[in-house]
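Engineer: Pasting a predicted model and its sequence here:
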Amino acid sequence: MKLNHSLIAFTAIYLSASAVNADKELLEAEVPAAVMQAFKAAYPNATEAKFEEETEKGIKTYEVEFKVDGKKFEVDYSADGKQLKAEQDD
């Protein structure tokens, strides 16, 4: 019985943590139009783009990982297409 309560508690904690930082891979067609327009305008030569919806503390953002001239980049956008963060991977 004690093991059963521990399992229930662990499951509840895990699900709560997952809800705080939920990530979901998206197809290009699933990305908000404002995000796609901003991304394509800022990085017209991007290749191998991968899209992910992230939710943290109830706020959705959209991460795009891609390459330009063989260099890897990662950019985060708000749902309205505002660029929040940009990084180049080495």
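Structural biologist: Received the coordinates, thanks.

Engineer: all contacts plus neighbour counts: C-alpha atoms, from now on.
Structural biologist: Will do.

Engineer: Tell me which stretches of the chain form strands.
Structural biologist: 21-26, 47-56, 59-68, 71-78, 83-89 (DSSP state E).

Engineer: Parallel or antiparallel, list what pairs with the second one.
Structural biologist: Strand pairing for strand 47-56, using DSSP bridges, gives strand 21-26 (antiparallel), strand 59-68 (antiparallel).

Engineer: residues touching the closest residue to residue 89 other than its chain neighbours, list them.
Structural biologist: Distances taken as Cα to Cα, 6 or more residues apart in numbering put residue 72 closest to residue 89, at 5.3 Å, once the chain neighbours are dropped. Counting by Cα atoms under 8 Å, 6 or more residues apart in numbering, residue 72 makes contact with 65-66, 88-90.

Engineer: Now with 7 Å, please.
Structural biologist: Residues near residue 72 by Cα atoms under 7 Å, 6 or more residues apart in numbering: 66, 88-89.

Engineer: just the buried members of those?
Structural biologist: residue 66 (16 or more other Cα atoms under 10 Å).

Engineer: tally of neighbours for residue 70?
Structural biologist: When neighbours are defined as other Cα atoms under 10 Å, residue 70 has 9 of them.

Engineer: so how far is residue 54 from it?
Structural biologist: 25 Å (Cα to Cα, to the nearest Å).

Engineer: Repeat that for residue 65.
Structural biologist: 13 Å.

Engineer: Just the pLDDT for residue 33.
Structural biologist: Looking at residue 33, its pLDDT reads 98.

Engineer: For it, grab the count of nearby residues.
Structural biologist: Residue 33: 14 neighbours (other Cα under 10 Å).

Engineer: got it, and residue 29?
Structural biologist: 8.

Engineer: Can you say which of the strands paired with strand 47-56 is packed in most?
Structural biologist: Highest mean neighbour count among the strands paired with strand 47-56 (mean count of other Cα atoms under 10 Å): strand 59-68, with a mean of 19.
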